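Undergrad: show me the folded form of this:
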Amino acid sequence: MQLWRAAFVIARRDFTAVVLSRTFILFLLGPLLPIVIGFAFGGLGEKISSTDLRPVVGVAMSAPDSATVLRAHDRLVARMGDQALPRLRRVSPTVSPRAQLARPDSEVVAILSGTLAHPVLTGKAGDLDILQGDISLLSTAALAERTLQFVTVTRNEVATSQGAQAQARLIIGRIAQVVMFFLTILLAGMILSNLVEEKTNKIIEILAAAVPIDAIFLGKLMAMLAMSFVGIAFWGGTAFAIFLLAGGQPTALPAPAIGWPIFLALAALYFAMAYTLLGSLFLGIGAQAATVREVQTLNMPITMGQMLIFFFASYAVDHMGSPAEIAACIFPFSSPFAMIARAAQDATLWPHLLALLWQAAFVAIIIRVGVLLFRRHVMQSGGRWWKTLFRPATG
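TA: From the prediction side, this is the model:
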């Protein structure tokens with residue numbers, strides 16, 4: 001209890017120092033910039049998509065054949081979409097296709113002439129390679145206009161589909177993995193430089209003389225985790241408010257296998273475990289670094305390693321029950337990501353209790369090893385590592 005009280009004091013100190021600072025406001029506003037940029041580029045993309053960029057093909061056939069081709073084009077576009085076929089435009093059949101394509105004000109990239117049975121497409125070789133198949137389809141549909149009838153499909157609706165439900169739950173698991181990964185990478189990196197600053201200012205020596213070093217590590221981890229939840233609440237609330245102000249309407253999402261309330265609770269717990277696993281490792285490494293430059297040098301390989309672990313857990317999502325998925329659930333650093341995906345697809349609850357206990361135990365081991373190395377190499381104290389590994393460090 002003394003250890004936890006000391007850790008809480010350190011956590012309250014660090015949390016207050018970070019959250020009440022001006023830089024924390026900038027930290028909260030920083031990740032909102034991609035949201036603003038996303039809305040800006042979304043509007044730009046919508047404007048671009050509204051501009052028809054399909055190639056234009058001139059139709060230089062006889063009047064009856066041209067009308068037949070245009071009607072076939074409209075029928076196919078109604079079923080396949082506007083972007084499926086090039087646009088058509090009638091041009092004069094009395095002027096040669098080569099002469100029309102050579103005109104400076106010409107907007108067509110190719111010209112269709114001839115007859116329905118023997119169409120001729122004139123244009124550059126690259127454009128012909130792209131358009132030849134579409135024009136062949138159009139000519140075939142136009143030639144069979146009188147006999148071409150779209151078959152009516154009879155609808156037979158069902159309330160549920162196991163295949164669609166499994167696919168939706170797989171998507172939920174993947175989205176949860178991606179969100180947890182990016183939040184962990186975004187927020188856990190700050191812990192690397194946390195102890196370096198206090199070592200440089202000699203503050204860590206004062207703290208180590210007052211409370212156990214275990215409490216310092218644990219308290220800093222608790223403070224950063226609490227700060228992370230503050231940031232997540234702010235970003236999530238802001239994004240949801242922007243979504244509602246933009247006229248969005250929440251739609252009914254398919255429920256994960258374990259149910260939304262338990263799934264969201266597990267998501268928060270697994271994020272906390274993923275953060276503390278990586279954060280405790282960062283604390284141990286940052287405690288050994290002497291300068292901020294060393295911390296920056298170590299940040300890249302650690303992030304790359306975490307990305308490999310995430311890809312491993314992401315691969316396991318599609319292979320429930322396979323050796324790879326079981327290994328991803330057991331390996332501590334990939335376990336939170338693999339288990340949240342399992343929660344989306346499997347309703348069994350007891351594996352999550354075991355996984356959380358296992359992850360918490362591994363966090364304790366990492367913190368203990370980090371404290372031991374910190375005492376031996378930084379504080380220049382401590383005896384044999386096997387004698388001090390499970391003994392509380394007092395300074």
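Undergrad: so how far is residue 198 from residue 286?
TA: According to Cβ to Cβ, to the nearest Å, residue 286 stands 10 Å off from residue 198. C-betas here are computed from N, CA, C, even on glycine.
Undergrad: looking at those two, which is more packed in?
TA: Comparing residue 286 with residue 198 by other Cβ atoms under 10 Å, the one with more neighbours is residue 286, at 26 against 18.
Undergrad: secondary structure element for the more buried one, which one?
TA: Using DSSP states H and E, residue 286 maps to helix 260-288.
Undergrad: mind checking the pLDDT average for that helix?
TA: Helix 260-288 shows a mean pLDDT of 88.
Undergrad: got the phi and psi for the residue lying closest to residue 263 once chain neighbours are set aside?
TA: Nearest residue to residue 263, sequence neighbours excluded (Cβ to Cβ, 6 or more residues apart in numbering): residue 256, at 4.5 Å. In terms of degrees, to the nearest 10, the main-chain angles of residue 256 are phi -60, psi 170.
Undergrad: which residues are in contact with residue 256?
TA: Counting by Cβ atoms under 8 Å, 6 or more residues apart in numbering, residue 256 makes contact with 169, 172-173, 263, 343-345.
Undergrad: residues near residue 297, how many?
TA: Residue 297 is flanked by 11 other residues according to other Cβ under 10 Å.
Undergrad: need the three-state assignment for it.
TA: Secondary structure, DSSP: H, G, I helix; E, B strand; the rest coil: residue 297 is helix.
Undergrad: with residue 239 instead?
TA: With three-state DSSP as the criterion, residue 239 reads helix.
Undergrad: now swap in residue 69 and tell me
TA: Quick answer, by three-state DSSP: residue 69 is helix.
Undergrad: thinking it is in contact with residue 88, fair?
TA: Yes - using Cβ atoms under 8 Å, residue 69 is in contact with residue 88, at 6.8 Å.
Undergrad: neighbour count: those two, which is higher?
TA: Remark: of residue 69 and residue 88, residue 69 carries more neighbours, 25 against 22, as counted by other Cβ under 10 Å.
Undergrad: the more buried one: what's it in contact with?
TA: Residue 69 neighbours (Cβ under 8 Å, 6+ apart): 59, 61, 88, 112, 116, 138-139, 142.
Undergrad: try it again at 7 Å.
TA: The contact partners of residue 69, taken as Cβ atoms under 7 Å, 6 or more residues apart in numbering, are 59, 61, 88, 138, 142.
Undergrad: and residue 166, how far from residue 177?
TA: In this view, residue 166 and residue 177 are 17 Å apart by Cβ to Cβ.
Undergrad: circling back to that earlier point, other SSEs contacting the helix holding residue 286?
TA: helix 162-188, helix 194-200, helix 213-245, helix 292-317, helix 335-345, helix 350-377 (3 or more Cβ pairs under 7 Å, 6 or more residues apart in numbering; DSSP states H and E).
Undergrad: coming back round to it: mutual contacts of residue 69 and residue 88, please.
TA: In contact with both residue 69 and residue 88: residue 59, using Cβ under 7 Å, 6+ apart.
Undergrad: let me see the domain layout of this structure.
TA: Domains of the chain are assigned by automatic domain parsing as 2-30+163-388, 56-143.
Undergrad: got CSV for the ones you listed, with distance to residue 154 too?
TA: Putting these into CSV (distance: least, Cβ to Cβ, whole Å) gives the following:
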stretch, distance to residue 154
domain 2-30+163-388, 19
domain 56-143, 17
